[in-house]
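Asks: take a look and give me a structure for this.
(chains A and B)
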Number of protein chains: 2
Amino acid sequence: MSGFELTILGCSSATPTSTRNPTAQILQVAGHSFLIDCGEATQIQLRKFKIKFQRIDHIFISHLHGDHYLGLMGLLSSMHLLGRTKELFIYCPNGLQEIIDVQLKYSATVLNYEIHYRIHDTSKQELLFEDDKVSVETILLNHRIPCCGFIFREKKKELNLRKDVIHYRHIPIAAFADIKKGKDSGEDGKTIPNAELTFPELPVHSYAYCSDTCYDETVIKQVGAVDLLYHEATFTEDMKQRAKETHHSTAADAAKVALKAGVTQLLIGHYSARYTDLNPLLDEARAIFPNTHLAHEGLKVNLETISVNKN
Amino acid sequence: MSGFELTILGCSSATPTSTRNPTAQILQVAGHSFLIDCGEATQIQLRKFKIKFQRIDHIFISHLHGDHYLGLMGLLSSMHLLGRTKELFIYCPNGLQEIIDVQLKYSATVLNYEIHYRIHDTSKQELLFEDDKVSVETILLNHRIPCCGFIFREKKKELNLRKDVIHYRHIPIAAFADIKKGKDSGEDGKTIPNAELTFPELPVHSYAYCSDTCYDETVIKQVGAVDLLYHEATFTEDMKQRAKETHHSTAADAAKVALKAGVTQLLIGHYSARYTDLNPLLDEARAIFPNTHLAHEGLKVNLETISVNKN
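Replies: Next up is the predicted model:
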């Protein structure tokens, strides 16, 4: 699997509507299908959008408000019933394991696979996962209960060899690995610069997920200049007071974070059920940050395309 | 609200499909909207079928397998967020309150309404609820974990007065209440028989819900000759061994229960995800009990019509 693609499975806030599901997203990158939050009916959405949920090995839960995790027990149960034996990693706030375990106890279920829970440290940004291609860090958000966002970053990719030059210069196979990492070839005055042997570096991409949070300047620095920022925009500015009381953001707040962090594109979501027409939210954000788009169920965003547009 | 109407919100078994939701039903009778089981995404189904969920005051949970209760936390949360203050009654197995409470704790939520939990006594059939128009009793089912079905029965209805006769016979208003209950009018040899003063008795209806259970003769006696029986039919007979292992029924099992109990109509559901074509289940049941129908999401069954067909 190549590419870096986000699929929106749900983007309503706490009370779902007949057309909008609670929060869940799938990020497909570097061979992984990362599940980000898992609101009620996520397993139904995964089926609807034909995403194979047994490929999910890492689940990132932002916080323990129901609209961000209530679909998890059903998904775990279906993974079990459909024969999963592969271990599963869940990155989550303290308490989720207790919630899952009490439900397993009363349903007299012993899962056929192991779950590894990693509890968020909400005192500092931390690295949750990395392999040779991608890393995932937390973003400390400001919500009514402990809540983390996540940044997914591709790592620097190996350089592609220019086979014609490699052949012409008689470069030995043993040297390929180092050249792909950016090293020059040859010794003793016969050095061939790496730039001659390889194609230009491929761009790497990054995605930041911020839901749920009120407007907070500390979030901006943590997010930085990612390619794509998903930021909650529960309300419009006329509901600013309600946003403050509930520790949520307005569309203008989301746009300010995008602008100050210097991201390339902003995707807003987590809309209050009061909005059937989402254009007021979009207009409000675009007045501050023009490259804003609305999330909707089934939306796919190719991060590589965003990057091409930027460069 | 008059009538006696069942709406199917979900009829899949443990793993939902892209077209079938986990178990939930609404029974509207005598001014009540009874919710029977509450699988994942029930609140979304309620919205889809335009059923006002704040009218639900009594929720009956059969057992603690996720496909029968995982939608409850989300529904309770939405009721709270949308301003409910009315108390709510939940009839359920031991453990459900613990499951709900741990989730309320970690979401730092105090509901604006009170929940009264009534734990099923799984040692004997019991009366869970009654008012002057309807009663609800348990049915002891035979499943892998403690599990109850439910019988909903209308009570004998007040008789309708024949106004012409009442007027002609100068019956005083004070006597109306007794006459509606079936008493004769008058005294001392001037008795007017009730049959002359009232229209014939209106039929009363009954509905039995049996999910999940293996075939068990003791269920038959408990169900009796109800108008409508919903009985799980997870498998066809060729999967009999699997049905036994998982404590579920085949379509033939469901039909045998319907036949031996002497019900008027059988509705089957709780289909395994392996069946995309449900006709083999229907055919198998109809070979034993011809008046069998398939449940599907959105199906409405008017119990009064069933009764008319019977008489």
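Asks: could you give the number of residues near the one residue in the stretch 101-250 of chain A that gets nearest to chain B?
Replies: With CB to the nearest CB, the shortest gap between the stretch 101-250 of chain A and chain B falls at residue A:106, namely 3.7 Å. Bear in mind the C-beta positions are built from the backbone N, C-alpha and C, glycine included. Residues lying near residue A:106 (other CB atoms under 10 Å in any protein chain shown) number 21.
Asks: what's the spacing between it and residue B:100?
Replies: To residue B:100, residue A:106 is 11 Å away according to CB to CB, to the nearest Å.
Asks: list the buried residues for stretch A:151-162?
Replies: A:151, A:152, A:153, A:154, A:158, A:159, A:161, A:162 (16 or more other CB atoms under 10 Å in any protein chain shown).
Asks: got it, and stretch A:105-120?
Replies: Residues of stretch A:105-120 classed as buried by neighbour count (16+ other CB under 10 Å): A:106, A:107, A:109, A:111, A:115, A:117, A:120.
Asks: bridge partners for the residue nearest to the last one when sequence neighbours are not counted, pull those for me.
Replies: Here the nearest residue to residue A:120 in space, its sequence neighbours aside, is residue A:148; by CB to CB, 6 or more residues apart in numbering or on different chains that works out to 4.9 Å. Taking DSSP bridges, one obtains residue A:140 as the residues bridged to residue A:148.
Asks: likewise for residue A:127?
Replies: Following DSSP bridges, residue A:127 is listed with bridge partners residue A:137.
Asks: residues contacting it?
Replies: A:135, A:136, A:137 (CB atoms under 8 Å, 6 or more residues apart in numbering or on different chains).
Asks: any idea how far it lies from residue A:16?
Replies: 33 Å.
Asks: what about the residue nearest to residue A:19 when sequence neighbours are not counted, helix or strand, and which?
Replies: Distance criterion CB to CB, 6+ apart; nearest residue to residue A:19, sequence neighbours excluded, is residue A:297 at 7.6 Å. Using DSSP states H and E, residue A:297 maps to neither a helix nor a strand.
Asks: mind checking which of the buried residues of stretch A:151-162 land in strands?
Replies: A:151, A:152, A:153, A:154 (DSSP state E).
Asks: isn't the last one right next to residue A:201, touching?
Replies: No. Residue A:154 is beyond contact range of residue A:201, at 12.0 Å (criterion: CB atoms under 8 Å).
Asks: quick one: contacts for residue A:293?
Replies: Residue A:293 neighbours (CB under 8 Å, 6+ apart): A:265, A:266, A:267, A:268, A:282, A:301.
Asks: and the second one, which of the three is it?
Replies: In three-state terms, and counting by DSSP: H, G, I helix; E, B strand; the rest coil, residue A:266 is strand.
Asks: the closest residue to it other than its chain neighbours is in what secondary structure piece?
Replies: Spatial nearest neighbour of residue A:266, chain neighbours left out: residue A:258 (3.9 Å); criterion: CB to CB, 6+ apart. Using DSSP H and E, residue A:258 maps to helix A:251-261.
Asks: what sits up against that helix?
Replies: A:210, A:214-215, A:217, A:219-221, A:223-226, A:229, A:231-233, A:235-237, A:243, A:249, A:266, A:268, A:280-282, A:284-289, A:292.
Asks: how many residues are close by residue A:94?
Replies: With other CB under 10 Å as criterion, residue A:94 counts 14.
Asks: okay, and residue A:74 sits in which element?
Replies: Here residue A:74 is assigned to helix A:72-81, by DSSP H and E.
Asks: after that helix comes which helix or strand?
Replies: Helix A:72-81 is succeeded, C-terminally, by strand A:88-92 (DSSP H and E).
Asks: wait, doesn't residue A:114 sit right on residue A:89?
Replies: No. If you go by CB under 8 Å, residue A:114 and residue A:89 don't touch, sitting 9.7 Å apart.
Asks: where does residue A:243 sit: helix, strand or coil?
Replies: Applying three-state DSSP: residue A:243 is helix.
Asks: near chain B, anything from stretch A:227-243?
Replies: No. Against chain B, stretch A:227-243 shows no contacts by CB under 8 Å from any CB of the partner chain, the least distance being 12.4 Å.
Asks: any buried residues in that stretch, and which?
Replies: A:227, A:228, A:229, A:230, A:231, A:232, A:233, A:234, A:235, A:236, A:239, A:243.
Asks: again with stretch A:179-186
Replies: Buried-residue list, stretch A:179-186, by 16+ other CB under 10 Å: A:179, A:180, A:185.
Asks: in helices only, show me these.
Replies: The helices, defined by DSSP state H, take in A:179, A:180 from the buried residues of stretch A:179-186.
Asks: for the buried residues of stretch A:179-186, which one is nearest residue A:69?
Replies: residue A:180 (40.8 Å; CB to CB).
Asks: what residues does chain A have near chain B?
Replies: Proximity of chain A to chain B, by CB under 8 Å from any CB, involves residues A:14-18, A:21-22, A:40-41, A:43-44, A:47-48, A:64-67, A:70-71, A:73-74, A:77-78, A:81-82, A:93, A:95-96, A:98-99, A:102-103, A:105-108, A:144-145.
Asks: ok, now with 6 Å
Replies: A:14-16, A:18, A:40-41, A:44, A:47-48, A:64-66, A:70, A:73-74, A:77-78, A:81, A:95, A:98-99, A:102-103, A:106-108, A:145 (CB under 6 Å from any CB of the partner chain).
Asks: residue of the stretch 201-311 of chain A closest to chain B, please.
Replies: Counting by CB to the nearest CB, the stretch 201-311 of chain A gets nearest to chain B through residue A:273 (8.8 Å).
Asks: doesn't that residue lie inside a strand?
Replies: No. Counting by three-state DSSP, residue A:273 falls outside a strand, being coil.
Asks: report how many residues lie close to it.
Replies: So residue A:273, with other CB under 10 Å, has 18 neighbours.
Asks: in helices only, show me the residues of chain A next to chain B.
Replies: A:44, A:47-48, A:73-74, A:77-78, A:81, A:98-99, A:102-103, A:106.
Asks: now the residues you listed: which count as buried?
Replies: The buried subset of those (16+ other CB under 10 Å) comprises A:44, A:47, A:73, A:74, A:77, A:78, A:81, A:99, A:102, A:103, A:106.
Asks: what mean pLDDT does stretch A:162-176 get?
Replies: In this model, stretch A:162-176 has an average pLDDT of 90.
Asks: that stretch: end-to-end distance?
Replies: Using CA to CA, to the nearest Å, the end-to-end distance of stretch A:162-176 comes to 11 Å.
Asks: pLDDT below threshold where in chain A?
Replies: Low-confidence segments of chain A (pLDDT under 70): A:1-2, A:187-189, A:307-311.
Asks: was I right to think residue A:243 contacts residue A:237?
Replies: No. Counting by CB atoms under 6 Å, residue A:243 stays clear of residue A:237, with 8.5 Å between them.
Asks: list the contacts for residue A:116?
Replies: By CB atoms under 6 Å, 6 or more residues apart in numbering or on different chains, the contact set of residue A:116 is residue A:89.
Asks: okay, now the sheet partners of the strand or helix carrying it, with direction.
Replies: Here residue A:116 sits within strand A:115-119, counting by DSSP H and E. Here strand A:115-119 is paired, per DSSP bridges, with strand A:88-92 (parallel).
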